[in-house]
Every structure is written in structure tokens, then in C-alpha cells.
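Trainee: let's see this in three dimensions:
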Amino acid sequence: MGHHGQREVFSGGHHRPDARRSLPVPPDAPRRRRGRRRGSNPFLYFATAGTLLVVGGSAAAIVLSGSGTVHNARTAAARGHGTVPASADTYVVREMPGTTFGGARKITASRWPGWHTEAYVAFDVPPGTPAVAGARVEMTFDRLENRPRQVELRTLPGSWTEEGTSWSNRPVAGPVVATAPADSAKVSFDVGRVVNGPGHYAFAITGQGRRSAVSLHSRETGDGPRLVLRTRPGAPAPTPSNSPETSGTALPAPGPEPTWEAPQPVKTPTTSPVGGRTLCGLSLELKPGETFQKALARMDAAYGGLETVRLFYQGVPPAWPGKPDTGKRPPIISFKLAPKDVIAGKYDQAMTRWFATAPRDRDLYWVYYHEPEDNIAAGEFTAADYRAAWRRLRSLADKADNPRIHATLVLMGWSLDPLSKRDWRDYYPGRDVIQVLGWDVYNLGWKKGRYDDPATMYDRVVAVSKGENLPFGVAETGSYLVSGDNGDRRASWLRAMNAYLTKRNALWVAYFDLDWSTGDFRLLDTQSRQAWSDFC
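Mentor: Residues are numbered from 1 along each chain as shown. Now for the predicted structure:
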């Protein structure tokens, strides 16, 4: 609950890719595909003063100077500069999950309404390359419209091929290793701390901003990505390192995929969650000795049947149908995993399986590490790691190709208040990752003996959600029974709050009906309980 009293309850179990809809053609939509050309060309070219040297092509590689004089490789390499052309590059499109673009004459990284892409590039620095003193990745823009201010280069662990990589089987991009301004015809990234000698280096290219398109020439054009090296002549080549500071494969590769087959996507159409009935729900409370299923049955009976349930887990959620089995109703499932462990791939296999086996006959809202604000402020992990972990989990969820599971970010409503001195975007991995915004909002007026007006509580929530063009829900809300109230005033407040949120198309409102360490939020009086039952 954060800031206003409640932290979390652990009980029993979610995500969905963006609804596909007709939109204007994005600025980097695929053009007609060209035929594939040659295979990888991991040659290393050293060039100075009209001299070209090829290293790694064959034992007979030579240099031809402008005068036609033949030099050996060792002489040219000693000049101290080299260029490695990309050995592979491609891009993937979320909205075309099974399509590959390895033969395209461009690679793109876009964040656009209804259109999201990532670009990948790899370089193979051959054995025998002198020690590297500096390195940069250079690329040329294919088009200049809608570029972001900054372009990002990220580590890219795992194996992939330009011919066989699509959104559905793409590698998961790691942390940002370099950024560069997109203010000229070319973009150049300093990767000297990553590239230190012979080895395979792979990167993902991503953009910044909600409406941006990075479109770059691919290696098919002859003006594709290249790795420019500054070497130390005579210095021995170091052994490639796999540490995050020195290697293009900084993160460990994800574990092997499970041995089961993921369910095939169903063909039945799904509708947008916005515009339907606002669902009523509760955070599930277990009494001593009570099972999850009995607790749910008890709460159903008390409120005439809940339409959704907020569930909390510490760790990987249990296998479906979960604890408890919520039946056909759409649950809101929160779970907590250390961001660094997520980034390192520790939970790849378990979470991939959980997403792949999720039901396909209802909406499921999965929440990674709800209310991270206080944890980040306490130094338990960084906002950057939190965002990166979110991005990795969304990538795993997308492999399930299940349009009924929704990536749901849940933050404190308090973080939108200027008095909090927080910026909610610090915790926001972006609209290309998050599909639903969830908010935990409590009545802060209880200390002054009042129930705050719904507009006071929720206007910022509605404005931010609308600004992101994302559906929203209230994952937690509640109020203590204020002094002197027999329940009549709280019941009126609940009715007004639910009317306000229903009018603004909230997906769901889940009341925090628990006696928590900071106080008792339960609806124990008849009036309040009836108000919530009427909402359900």
C-alpha cells in the first residue's frame, strides 16, 4: 500500500499484448522485402593512407596500397586502426510476431502507437586483432523523420540469426551500454568499455520517447553498421571477458526453454478492456487455518460474488490455475522478484512457462513488483534495474502470444502528488512495455476526520493514464472508518468513488479489505459492506 499504511499480503495469481487496431502506417513500416544476400562476413579491415588489409578472411589475406605495392597483414595491422563490418543485422516487429526481416535494407527501432520494433546488430572481431584501445559502433540513418533525441545501444545476450529471428523468438535486450544523439545523418556509439579484443559482440538498438522511429541502413546496402577499432600495435590481444563492463554478451544467456510446447494462440477475437463494466474486486485475506479457496468462497458470499480478485505472491506465481483458482473471473496478480535476478535470466524458464500456460479465455493482469517507490528510495534496487527487469519480463510474456494477458504497472497514487517529490516516470519502463496502469490510492483525509472527494484522490491518476493512452485500474483503495462515523459516511464515499471511476472507464476497483499493520481497512459495518456489495 505504501505511504498510507499498507504494504502487501501474500496469497494466491498476469498480461496481454496490445490490442491490434487499424492505425496510420508508421514511419518505419516494412517495405517490400528484397532477396537475401551473402552470408556473414566477419572480415576485419584495417585502413590508413589508401591501404586496405583484410584480416580473418584467409591465411593469404594481403593489403594493396594505392601504388599497387603488396604488404603483409602484420604491417598493415600495425597502423593501429580497423573497421569490422556487421556480421549480422535484423529487426523485429511486435505487431508482426512471426515475420523475419533479415533481408531488409534497413533496421528499425520504433515506439509508435500500434507499432513497436527492435533492431539487432552483431560484429565478429577475428583472432589476431591487436589489443583494442578504443571502439565505436557507427551507423547511418535510412531516414531522418521522427527521430528521437537519443538512440540507445544495449547488450544482447543469447543466440540469434538474422534469417530466423522474429518478435516471437527474439533475444532479450539487456542494459544500455551507450547512448548517442540523433542530430546528424550518422550515429556513433562509444563501446570502448565493452569491446576489448577478439570475440563476438551483439547489440540491440532502441529509441527514446513515445513517438519515435530509428531507421538505419542495414548491411545489405553497403552502408551498414560497422565497428571502428583503435588498436595498440604490438600489444597482445586480450582474452575476451564476459563481465558486464567489457563484453557485448554482458548478461548470461537465458536458460534452456522448457520441454513442453506452448499453447497455440486461439482465433477468437478479443475486445479492448476499456469501455466495459468497471469490475469490483477485493484483496484476498486469509484467516488463520483457512485455505485460499475457502477465503475466496467466503468473500464471494459476503459481497454477492466478486468480479475480480487482487492476489499477491512473493516469488514466482504458482502454476495455473493458481492459488486460489479464480474461475472465469480476471484476476490481478502481483509478484515480486529481485530486479537483478530477473535481468540475469534467473527466472526466464519459470516465468516463460507461467506466461505460456496462462488461460486464454479471460483477461489476466500481471503486476511485477507493485509499489517499487519505497524500495528504490531505500536503495534496495535502482529505478534503472526495475525498468530493465520489467522489459525482460514483458519479452518473456510476449513469447506466449496470448492477447489476454496484460502487463500492468502498479504505482502509488501518492507518487503523483507534488508533495511526494517523486517523478512517476522514473518507475515507468515505457508504453512499449506497459499495457495497463494500476494505481494504489487511499483516503488520506482520515487523519482530519474526512473522506476525500474522489476527484481529489483520482484526477491525477486519470490524467496520467489518459496522457499515456493506456487503460487504468485501481489495484488497491481503502479508508479507515473515521472518528465519529458509524459507517454511513464511508458508505456514501464508496458509492461516490465507484461512480467516479466507473464514469471514467476504470477497468477494475479492488478494495483493500484487510486488517493491516497500520490499521483496519475492513468493511465491517453493514453500511460500507452493502455499498461494496451494490457495486458488485
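Trainee: give me the distance between the residue nearest the centre of the chain and Gly98.
Mentor: Closest residue to the average C-alpha location of the chain: Arg391 at 2.0 Å, with CA atoms, centre = their mean. Separation of Arg391 from Gly98 (CB to CB, to the nearest Å): 21 Å. Where you see a C-beta, it was placed from the backbone N, CA and C, and this is true even at glycine.
Trainee: ditto for Pro418
Mentor: Between Pro418 and Gly98 the computed distance is 46 Å (CB to CB).
Trainee: neighbour count: the two, which is higher?
Mentor: Taking other CB atoms under 10 Å, Pro418 and Gly98 do not tie; Gly98 has more neighbours (10 against 7).
Trainee: I'd say the more buried one and Ser168 touch.
Mentor: Yes - with the criterion set as CB atoms under 8 Å, Gly98 and Ser168 qualify as a contacting pair; they are 5.7 Å apart.
Trainee: mind listing the helices for the stretch 351-500 of the chain?
Mentor: With DSSP state H, counting those that start in this stretch applied, the stretch 351-500 of the chain shows helices at 373-377, 383-398, 454-467, 488-503, listed in chain order.
Trainee: list the contacts for the residue nearest to the centre of the chain?
Mentor: Shown in contact with Arg391 (CB atoms under 8 Å, 6 or more residues apart in numbering): 172-173, 429-430, 433.
Trainee: which among these count as buried?
Mentor: When neighbours are counted using 16 or more other CB atoms under 10 Å, the contacts of Arg391 contain these buried positions: 172-173, 429-430, 433.
Trainee: between these, which sits nearest Glu468?
Mentor: The shortest separation between Glu468 and any of the buried ones among the contacts of Arg391 is 9.5 Å, and it belongs to Gly430 (by CB to CB).
Trainee: okay, the closest residue to the closest one other than its chain neighbours: pLDDT?
Mentor: Counting by CB to CB, 6 or more residues apart in numbering, Arg111 is the residue found nearest to Gly430 once chain neighbours are left out, at 6.8 Å. Note for Arg111: predicted pLDDT of 79.
Trainee: hang on, Arg111 in a strand?
Mentor: Yes - secondary structure of Arg111, determined by DSSP: H, G, I helix; E, B strand; the rest coil: located in a strand.
Trainee: need the helices for the stretch 151-300 of the chain, in chain order.
Mentor: For the stretch 151-300 of the chain, helices defined by DSSP H, counting those that start in this stretch occupy the ranges 292-303.
Trainee: so who does Arg529 touch?
Mentor: With CB under 8 Å, 6+ apart as the criterion, the residues that contact Arg529 are 302-303, 523.
Trainee: and the buried ones among the contacts of Arg391 as TSV, adding pLDDT?
Mentor: As requested, the buried ones among the contacts of Arg391 are arranged in TSV below (pLDDT from 0 to 100):
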residue	pLDDT
Val172	77
Ala173	81
Pro429	90
Gly430	85
Val433	90
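Trainee: below-threshold pLDDT in the stretch 401-536 of the chain: ranges please.
Mentor: 517 (pLDDT under 70).
Trainee: for it, just list every one of the strands.
Mentor: In order along the chain, the stretch 401-536 of the chain carries the following strands (DSSP state E, counting those that start in this stretch): 405-412, 436-442, 472-478, 508-511, 515-516, 519-520.
Trainee: for the protein, what helix or strand is lowest in average pLDDT?
Mentor: strand 63-64 (a mean of 26; mean pLDDT, DSSP states H and E).
Trainee: can you tell which of the strands of the stretch 401-536 of the chain is closest to Phe355?
Mentor: Nearest to Phe355 among those is strand 405-412 (6.5 Å), distances taken as CB to CB.
Trainee: quick check: angle from the closest one to helix 383-398?
Mentor: For strand 405-412 against helix 383-398, the angle by axes from the mean of the first three to the mean of the last three CA atoms, to 10 degrees is 160 degrees.
Trainee: how much distance is there from strand 405-412 to the middle of the chain?
Mentor: On the basis of CA atoms, centre = their mean, to the nearest Å, the separation between the geometric centre of strand 405-412 and that of its chain is 11 Å.
Trainee: next SSE downstream of the biggest strand by length in the chain?
Mentor: In the chain, ranked by residue count with DSSP state E as the criterion, the top strand is strand 115-125. The C-terminal neighbour of strand 115-125 among helices and strands, as given by DSSP states H and E, is strand 132-140.
Trainee: ok, back up a step: which one of the helices of the stretch 351-500 of the chain lies nearest to Pro359?
Mentor: Distances from Pro359 to each of those were compared using CB to CB; the shortest belongs to helix 383-398, at 13.9 Å.
Trainee: which parts of the closest one are buried?
Mentor: In terms of neighbour count (16+ other CB under 10 Å), helix 383-398 has its buried residues at 383, 385-398.
Trainee: that helix vs strand 115-125, what angle?
Mentor: Computed by the same axes, to 10 degrees, the angle separating helix 383-398 from strand 115-125 equals 100 degrees.
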